[in-house]
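*Asks:* Next input, structure requested:
(one chain, ligands or ions: 1)
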Amino acid sequence: MFGFKNYLQARDIEMAYEELIKNKKNIIIGGGSYLKMSKIVYNTGIDISKLNLDYIRADENYINIGAMTTFREIEMSELLKIYYKDLFSESVKDILGIQFRNNVTIGGTVFSKYGFSDLITPLLAIDCRVVLYKGGEVRLEDFLKEEKPRRDILIEIKIPKQKSIGIFKSIRKSSTDYSVINISVSKKNMLMDKKYSIEKNLIKSLKSYTISIGAKPGRAVLIKNTIGENIINSDLKKENLFEKNEFILNLLNDETMENLVKDISFGDNMRATKEYRKEMAKVLIKKAILEGEEIDFKNYN
Ligand SMILES: Cc1cc2nc3c(=O)[nH]c(=O)nc-3n(C[C@H](O)[C@H](O)[C@H](O)COP(=O)(O)OP(=O)(O)OC[C@H]3O[C@@H](n4cnc5c(N)ncnc54)[C@H](O)[C@@H]3O)c2cc1C
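*Replies:* As a prediction, the model looks like this:
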């Protein structure tokens, strides 16, 4: 059964870190939800809940989320909604129930780099940074690529403070199961450049999406945006949503979608095959971009 031989309530972060590196079997406790699923008996469980790492606050350039902030706090944050609308609440709302989300932490999730993580997928699409006590600031993309787990403490996540369009989509077989596939797209709100045609503006807009795929079932990755490389002819004259969607769907044709995901290694597990995941990823990306462009539509007036 899972347990600790010793328990330490850290008074400051240095005390927690010193204890962590004393013994390979010492461990930081986040919300404790995933830890207690294991059967490991650790040496010392290090409690960091009194280190004031529970916050969501903005500085000049970033929204900073402390490592001990819970999913529920992220889901309900008005500050995050100002910049990212429902991106974060959508990504965590289906993770078990409210009681569970009141306990699990962003630090435990991001530090562990779980392949099934719903929250990591949108975080990756908005180019955030992780701040580690010893390792300092690292781009999330680079942190996720590291294979060797660090002996360190995650302090906070830094999210760019810019009004953005961010969409999260996932497929779950049942509401409390892990996702079969997650995708997230994001871009800064854009203004139409009057010097160029609507078509050119749209292509520029589609090119500017950052796209991430998670639960594939491995760790989330960013994909290279190749949308708009096959420029199509069109006579899109007016800013009509139907015509605009037709134009976008023409650009997001089978060839483009296949190109987008061709370098991603999808895998099989008990939830889905790699072929299914790949097809669903393409569908979800298309849906998300159409939704994103609809939100941005007003900027084209
Ligand atoms: C039954 C169950 C179902 C779940 N379903 C989903 C799901 O559908 N989607 C989803 O995205 N997630 C899911 N999760 C994962 C969950 O959302 C959390 O990611 C997970 O529980 C870890 O968060 P925690 O705060 O409980 O961390 P803990 O369990 O406390 O810790 C997890 C690991 O992270 C380390 N750690 C914690 N905090 C820090 C820190 N600040 N610095 C360094 N290391 C740290 C711990 O030492 C430990 O190794 C599920 C978890 C469970 C138990």
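
*Asks:* can you tell me the helix or strand for Lys244?
*Replies:* In this structure, Lys244 sits in helix 241-251 according to DSSP states H and E.

*Asks:* Looking at the chain, which residue is nearest the ligand?
*Replies:* Ranked by C-beta to the nearest ligand atom, the top residue of the chain for proximity to the ligand is Gly108, at 2.3 Å. Just so you know, the C-beta spots here come from the backbone N, C-alpha and C atoms, and that holds for glycine as well.

*Asks:* export the helix or strand containing Phe88 as CSV, just CAs?
*Replies:* Element membership for Phe88, per DSSP H and E: helix 87-92. What follows is helix 87-92, C-alpha atoms only, in CSV (Å, rounded to 0.1, in the frame of the first residue of the first chain):
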residue,chain,number,x,y,z
LEU,A,87,-9.9,27.6,-23.0
PHE,A,88,-8.8,26.4,-19.5
SER,A,89,-12.3,25.7,-18.1
GLU,A,90,-13.1,23.6,-21.1
SER,A,91,-9.9,21.6,-20.7
VAL,A,92,-10.4,20.6,-17.1
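
*Asks:* starting at the chain centroid, how far to that helix?
*Replies:* Chain-centre distance of helix 87-92: 9 Å, with C-alpha atoms, centre = their mean, to the nearest Å.

*Asks:* Can you pull up the residues of the protein that come close to the ligand?
*Replies:* For the chain, the residues in contact with the ligand (C-beta under 6 Å from any ligand atom) are 27-35, 37, 67, 95-96, 104-105, 107-109, 111-112, 114, 116-119, 153-154, 178.

*Asks:* If you count neighbours, what's buried in stretch 37-53?
*Replies:* For stretch 37-53, a neighbour-count test (16 or more other C-beta atoms under 10 Å) marks Tyr42, Thr44, Gly45, Ile46, Asp47, Ile48, Leu51, Leu53 as buried.

*Asks:* Hmm, I typed the wrong one, I wanted stretch 56-73.
*Replies:* 56, 62-73.

*Asks:* Give the buried residues for the helix or strand of the chain with the lowest mean pLDDT.
*Replies:* Every helix and strand in the chain was compared by mean pLDDT, DSSP states H and E; the lowest is helix 241-251, with a mean of 83. For helix 241-251, burial by neighbour count (16+ other C-beta under 10 Å) applies to Lys244, Phe247, Ile248, Leu251.

*Asks:* ok, now stretch 201-213?
*Replies:* Applying 16+ other C-beta under 10 Å to stretch 201-213 flags Asn201, Leu202, Ile203, Ser205, Leu206, Tyr209, Thr210, Ile211, Ser212, Ile213 as buried.

*Asks:* Could you list which of these belong to helices?
*Replies:* Asn201, Leu202, Ile203, Ser205, Leu206 (DSSP state H).

*Asks:* picking that back up, if you count contacts, what does the helix holding Phe88 end up packed against?
*Replies:* helix 71-76, helix 78-84, helix 120-125, strand 164-172, strand 179-188 (3 or more C-beta pairs under 8 Å, 6 or more residues apart in numbering; DSSP states H and E).

*Asks:* which of those is buried the deepest?
*Replies:* Neighbour counts (mean count of other C-beta atoms under 10 Å) averaged over each of the helices and strands packed on helix 87-92 peak at helix 120-125, with a mean of 27.

*Asks:* who's in contact with that helix?
*Replies:* If you take C-beta atoms under 8 Å, 6 or more residues apart in numbering as the criterion, helix 120-125 is touched by 84, 87-88, 91, 109-110, 113-114, 140-141, 144, 157, 159, 166, 168, 170, 182-186, 210-215, 219-222.

*Asks:* quick revisit: rounded mean pLDDT for the following helix or strand past the helix holding Phe88, please.
*Replies:* Proceeding C-terminally, helix 87-92 gives way to helix 98-101 as the next helix or strand, assigned by DSSP H and E. Averaging pLDDT along helix 98-101 yields 96.

*Asks:* returning to that earlier point: what's near enough to touch the residue of the chain closest to the ligand?
*Replies:* Neighbours of Gly108 in contact, by C-beta under 8 Å, 6+ apart: Gly30, Gly31, Ser33, Tyr34, Ala67.

*Asks:* Please apply the same query to Leu249.
*Replies:* Shown in contact with Leu249 (C-beta under 8 Å, 6+ apart): Lys286, Leu290.

*Asks:* Could I get the full set of strands for the stretch 1-150 of the chain?
*Replies:* In the stretch 1-150 of the chain, the strands defined using DSSP state E, counting those that start in this stretch lie at 3-9, 27-29, 41-47, 56-58, 62-66, 129-132, 136-139.
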